[in-house]
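>>> A predicted structure for the sequence below; I have some questions about it.
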Amino acid sequence: MIQTIPAREITLYELETKFGIHLVEDNEFFREWQDDLPEITATEKERLDRVKVSYTNLTKYPPLLENTVKMVVLSPLLDLAGLYLPPFHIKSEKSVEIAEEDRGVIVRGNIDVSCSAFKLV
């Protein structure tokens, strides 16, 4: 029988235990996301390192709630990427349900922030 768990009620520990996921800090992991990237400035690197340290600090004090992650991780990354500036437009009103099944367990959650780009004519 398939068990459905709301994403907001599952912990990282449970995901690690049920699905065998684990933190990978190997710099060679997902090489395709790292090759042929534009160089980043020292300031950008500093900001990215700061986001990583902030996130790591948050993981020490569960529960790691969605709004906290949005403030500490998502917002600085979107700003650094320029996704608050034209031609991009952020919408946060609509939720889209997502579900992923693995080993008879469905984790159900929502994507409640989306980013769109509009071509200026």
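Cool, the structure landed.
>>> Can you give the contact residues for whichever helix in the chain runs longest?
Determined from DSSP state H, the single longest helix within the chain is helix 42-59. Contact with helix 42-59 is made by Leu12, Ile40, Leu64, Thr68, Val69, Val72, Val73, Pro76, Leu77, Leu80, as judged by C-beta atoms under 8 Å, 6 or more residues apart in numbering. For every residue, glycine as well, the C-beta is placed using N, CA and C.
>>> Quick one, which of the residues you listed are buried?
By neighbour count, with 16 or more other C-beta atoms under 10 Å, the contacts of helix 42-59 hold Val73, Pro76 as buried.
>>> Mind checking which of the contacts of helix 42-59 land in helices?
Leu12, Thr68, Val69, Pro76, Leu77, Leu80.
>>> Pick the one among the residues you listed closest to Trp33.
Of all those, Trp33 sits closest to Leu77, with 14.0 Å by C-beta to C-beta.
>>> can you pull the alpha-carbon coordinates of the longest helix of the chain into CSV?
Taking C-alpha atoms only, helix 42-59 is exported to CSV below (Å, rounded to 0.1, in the frame of the first residue of the first chain):
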residue,chain,number,x,y,z
ALA,A,42,35.2,37.8,-5.5
THR,A,43,32.2,39.6,-4.1
GLU,A,44,29.8,37.1,-5.7
LYS,A,45,31.8,34.2,-4.3
GLU,A,46,31.8,35.8,-0.9
ARG,A,47,28.0,36.2,-1.0
LEU,A,48,27.5,32.6,-2.1
ASP,A,49,29.8,31.4,0.7
ARG,A,50,27.8,33.5,3.1
VAL,A,51,24.5,31.9,1.9
LYS,A,52,26.0,28.4,2.4
VAL,A,53,27.2,29.2,5.9
SER,A,54,23.8,30.7,6.8
TYR,A,55,22.0,27.5,5.5
THR,A,56,24.4,25.2,7.4
ASN,A,57,23.7,27.2,10.5
LEU,A,58,20.0,26.8,10.1
THR,A,59,20.2,23.0,9.8
